[in-house]
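Student: Structure for the following, please:
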Amino acid sequence: MKNDPPCTKSPSRAFNVRLGLNTEEALSNASEILASIIAIGYEDTFTLTEPQRSKNLGVLQLVELAQMLVDQALEREFPTTPA
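Tutor: Predicted structure coming up:
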């Protein structure tokens with residue numbers, strides 16, 4: 001704010017990843033976050049006009065690719081079906 005005193009401390013994070021978070025939990029949470037982004041992104045995509053629609057779909061495709069990588073790593077390291 002305009003009247004706030006200047007910050008003399010180095011900035012800190014607003015959020016942190018819990019210490020000791022194991023790989024399975026981290027990948028599961030990342031997958032859920034990516035799935036939420038995809039759901040929110042598609043919700044309004046087709047109300048947009050060009051070129052915003054195309055940009056939005058491009059971003060969503062990148063997020064879907066990231067989700068595929070996370071899900072594949074999760075399944076490889078922690079299979080849900082017997083090998």
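Student: list the buried ones in stretch 26-42?
Tutor: Using 16 or more other C-beta atoms under 10 Å as the test for burial, stretch 26-42 gives Leu27, Ala30, Ser31, Leu34, Ile37, Ile38, Gly41. In short, each C-beta sits where N, CA and C put it, glycine included.
Student: Among those, which one lies nearest to Asn16?
Tutor: Nearest to Asn16 among these is Ala30, at 15.3 Å by C-beta to C-beta.
Student: ok, the closest one touching Asp71?
Tutor: No - using C-beta atoms under 8 Å, Ala30 is not in contact with Asp71, being 9.4 Å away.
Student: before we move on, back to that, of the buried residues of stretch 26-42, which is the nearest to Glu77?
Tutor: Nearest member of the buried residues of stretch 26-42 to Glu77, counting by C-beta to C-beta, is Leu27, at 7.4 Å.
Student: pLDDT score for the closest one?
Tutor: For Leu27, the pLDDT comes out at 96.
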